[in-house]
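Trainee: missing the sequence, but the structure's below:
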């Protein structure tokens with residue numbers, strides 16, 4: 001993601017703020033303008049202040065030249081405050097953008113960390129988690145940290161930016177590797193804030209469809225014990241845990257049992273099913289599952305992982321195209337104002353090298369133009385009329401559009417399963433460090449085998465799931481399904 005400092009980081013809209021507290025100590029933070037006289041910051045920065053100073057540049061702070069501000073609204077629960085400048089008009093501002101937040105998106109932030117003295121610090125970061133689905137939460141989402149900053153004191157109140165719009169406000173650093181934020185969506189859901197902004201004619205955007213929730217899904221068997229984004233592609237390490245040093249196969253098969261309907265049947269097939277009850281529906285779904293196909297096990301696990309992690313809309317599971325080649329699962333994601341086409345590649349083998357070789361072959365086939373066109377043709381019959389955002393989803397199947405105009409981005413989620421000594425010779429004390437080593441090896445193999453032009457063209461989301469024995473795991477699942 002190439003960036004222009006002034007344009008992308010909105011340098012002219014982000015300022016250093018200093019609050020003089022009632023005991024004459026000071027608290028430093030970052031703020032940003034949302035109009036010619038209103039600014040947003042973190043509430044804890046200005047809490048119990050008797051004077052608020054806004055330094056419009058690093059040089060202004062160095063020269064002790066500032067604009068005075070006054071608090072017009074503070075919310076301790078959200079940790080958001082709105083400041084009004086006193087007798088001063090600002091020339092530039094950032095628009096608030098109310099949208100759902102999806103993990104693994106790259107975003108920008110900026111501010112004035114104390115450790116950098118009075119210097120502005122732009123950072124590129126990644127959304128690592130979102131708490132939107134939780135009813136009670138202190139924060140909206142979390143982001144990764146930057147290697148350029150150690151201590152984020154002073155960054156609180158800085159904007160988190162996507163395409164020049166503010167999607168959230170940085171509010172706190174937790175431990176050594178996590179930053180928490182309040183989303184613009186949660187800010188604008190507050191009636192007092194929305195009333196205040198409306199009364200003052202403040203511009204903000206609300207993304208169409210942000211309240212859409214993908215269909216409910218069962219509980220996942222997976223634990224995402226490692227999220228490694230230090231290099232591309234990012235890799236999520238998956239585990240199902242151990243009990244008394246025994247790998248939790250039974251927990252896995254019981255959980256996956258509940259996913260068979262979700263995986264094997266499209267929403268249209270589920271809606272049109274004429275059976276008597278849920279048990280009949282399950283039996284029908286089970287009959288569609290190729291129980292002797294290890295690749296189906298990998299594809300099923302991929303389906304679970306992306307449904308849980310990325311709020312995807314499943315369109316179809318594994319099918320065969322007209323060339324008798326296998327399509328892995330196809331999902332869609334409504335991300336900001338665009339639509340992403342998610343086309344899966346999975347593999348289940350006895351070793352890492354073969355798992356990656358198989359996945360790379362699938363990736364290359366996915367990116368073949370004829371293959372992609374065939375897949376989109378197949379989608380036409382699978383898009384259910386009951387789904388919201390029909391205009392976006394039907395665009396995928398609109399043959400009047402050029403192929404690359406039917407979606408905004410292709411994401412290829414890759415699910416790698418292979419027999420591994422990491423599980424067979426489990427060592428509780430060494431497990432995490434050894435798992436990390438396996439992930440680095442996995443990334444190295446992927447980068448050596450995937451063509452650079454493919455890596456640059458698409459966004460890979462890799463799930464790495466070392467297992468004890470693929471055949472035994474599949475047999476255990478089949479026994480559970482027919483028990």
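Mentor: Nice, thanks for sending it over. Note that the structure is a prediction, hence the values are computed from the model and not measured. Numbers count the residues shown, from 1 in each chain.

Trainee: Could I get the buried residue list for stretch 104-119?
Mentor: Of all the residues in stretch 104-119, those buried under the rule 16 or more other Cβ atoms under 10 Å are 104, 105, 107, 108, 109, 110, 111, 112, 113, 116, 118. No exception for glycine: its C-beta is placed from N, CA and C like everyone else's.

Trainee: bridging residues for the third one?
Mentor: Translated: residue 107. Taking DSSP bridges, one finds residue 125 as the beta-bridge partners of residue 107.

Trainee: distance of it from residue 302?
Mentor: 26 Å (Cβ to Cβ, to the nearest Å).

Trainee: Near residue 45, how many other residues are there?
Mentor: 23 (other Cβ atoms under 10 Å).

Trainee: no no, residue 266
Mentor: For residue 266, using other Cβ under 10 Å, the count is 17.

Trainee: how about low-confidence regions in the stretch 51-200 of the chain?
Mentor: 174-177 (pLDDT under 70).

Trainee: 90 - rerun?
Mentor: 100-106, 117-118, 128-138, 144-151, 172-179 (pLDDT under 90).

Trainee: What ranges does the stretch 1-150 of the chain have for its helices?
Mentor: Assigned by DSSP state H, counting those that start in this stretch, the stretch 1-150 of the chain shows helices spanning 5-8, 43-46, 58-62.

Trainee: With adjacent residues omitted, what lies nearest to residue 460?
Mentor: Once flanking residues are discounted, residue 460 sits nearest to residue 233: 3.9 Å by Cβ to Cβ, 6 or more residues apart in numbering.

Trainee: To residue 407, which of the helices of the stretch 1-150 of the chain lies closest?
Mentor: helix 5-8 (24.1 Å; Cβ to Cβ).

Trainee: Give me the contact list for the closest one.
Mentor: 11, 12, 108, 122, 161, 164 (Cβ atoms under 8 Å, 6 or more residues apart in numbering).

Trainee: Tell me the one of the buried residues of stretch 104-119 nearest residue 416?
Mentor: Among the buried residues of stretch 104-119, residue 104 lies closest to residue 416 (Cβ to Cβ), at 17.1 Å.

Trainee: how does the protein divide into domains?
Mentor: Domain ranges of the chain: 5-206, 223-481, per automatic domain parsing.

Trainee: Can you check the distance spanned by the first one, start to finish?
Mentor: This stretch, domain 5-206, spans 26 Å end to end (Cα to Cα, to the nearest Å).

Trainee: Any idea how far it is from the middle of the chain?
Mentor: 21 Å (Cα atoms, centre = their mean, to the nearest Å).

Trainee: now the longest one
Mentor: Computed by Cα atoms, centre = their mean, the separation of domain 223-481 from the middle of its chain amounts to 16 Å.

Trainee: What mean pLDDT does it get?
Mentor: Looking at domain 223-481 alone, the average pLDDT works out to 85.

Trainee: Can you give me the end-to-end span of it?
Mentor: Domain 223-481: ends 22 Å apart by Cα to Cα.

Trainee: Report the beta-bridge partners for the nearest residue to residue 465 once chain neighbours are set aside.
Mentor: Using Cβ to Cβ, 6+ apart and skipping the chain neighbours, the partner closest in space to residue 465 is residue 238 (4.2 Å). Beta-bridge partners for residue 238, by DSSP bridges, are residue 224.

Trainee: Cross-check the contact I'm expecting between residue 157 and residue 111.
Mentor: Yes. Counting by Cβ atoms under 8 Å, residue 157 touches residue 111, with 7.2 Å between them.

Trainee: Go through the contacts of helix 5-8 and single out the one with the most neighbours.
Mentor: residue 161 (24 neighbours).

Trainee: Correct me if wrong, but that residue is in a strand.
Mentor: Yes. Residue 161: assigned to a strand according to DSSP: H, G, I helix; E, B strand; the rest coil.

Trainee: measure it to residue 423 for me?
Mentor: 41 Å.

Trainee: Residues in contact with the top helix by length along the chain: which ones?
Mentor: Assignment by DSSP state H gives helix 431-449 as the longest helix of the chain. Residues from elsewhere that reach helix 431-449 (Cβ under 8 Å, 6+ apart): 225-226, 228, 231, 233, 235, 237, 239, 352-353, 356-357, 359-360, 414, 416, 420, 422, 427, 455, 460, 462, 464, 466.

Trainee: now those residues: which count as buried?
Mentor: With burial judged by 16+ other Cβ under 10 Å, the buried subset of the contacts of helix 431-449 is 226, 228, 233, 235, 237, 239, 352, 356, 359-360, 414, 416, 420, 422, 460, 462, 464, 466.

Trainee: In helices, which of these fall?
Mentor: Going by DSSP H, the helices hold 352, 356, 359, 360, 422 from the buried ones among the contacts of helix 431-449.

Trainee: Tell me how many other residues crowd residue 47.
Mentor: 15.

Trainee: An error on my part: the question was meant for residue 41.
Mentor: By the criterion of other Cβ under 10 Å, residue 41 has 29 neighbours.

Trainee: any idea how far residue 360 is from residue 424?
Mentor: Distance from residue 424 to residue 360, by Cβ to Cβ: 25 Å.

Trainee: what do you get for residue 375?
Mentor: 18 Å.

Trainee: go on, residue 190?
Mentor: Residue 190 is 48 Å from residue 360, by Cβ to Cβ.

Trainee: count of neighbours near residue 198?
Mentor: So residue 198, with other Cβ under 10 Å, has 10 neighbours.

Trainee: do you know how far it is from residue 169?
Mentor: Taking Cβ to Cβ, one finds residue 198 at 19 Å from residue 169.

Trainee: Return the set of residues that bridge with the closest residue to residue 158 other than its chain neighbours.
Mentor: Sequence neighbours aside, residue 111 is the residue nearest to residue 158 in space, at 3.3 Å (criterion: Cβ to Cβ, 6+ apart). Beta-bridge pairing of residue 111 under DSSP bridges involves residue 121.

Trainee: What residues of stretch 129-144 count as buried?
Mentor: 129, 130, 131, 132, 139, 140, 141, 142, 143, 144.

Trainee: Save these as JSON lines, and put in distance to residue 56 too.
Mentor: Formatted as JSON lines, the buried residues of stretch 129-144 follow (distance: Cβ to Cβ, whole Å):
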{"residue": "129", "distance to residue 56": "34"}
{"residue": "130", "distance to residue 56": "33"}
{"residue": "131", "distance to residue 56": "34"}
{"residue": "132", "distance to residue 56": "34"}
{"residue": "139", "distance to residue 56": "29"}
{"residue": "140", "distance to residue 56": "28"}
{"residue": "141", "distance to residue 56": "29"}
{"residue": "142", "distance to residue 56": "30"}
{"residue": "143", "distance to residue 56": "26"}
{"residue": "144", "distance to residue 56": "29"}
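
Trainee: nearest to residue 62, of those?
Mentor: For the buried residues of stretch 129-144, the nearest to residue 62 is residue 143 (29.0 Å; Cβ to Cβ).

Trainee: Please name the residues that touch the closest one.
Mentor: Residue 143 makes contact with 107, 109, 125, 126, 127, 128, 160, 170, 179, 181 under the criterion Cβ under 8 Å, 6+ apart.

Trainee: Reformat those as CSV; add distance to residue 265.
Mentor: Listed next are the contacts of residue 143 as CSV, based on distance: Cβ to Cβ, whole Å:
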residue, distance to residue 265
107, 36
109, 42
125, 39
126, 34
127, 31
128, 32
160, 39
170, 42
179, 40
181, 38
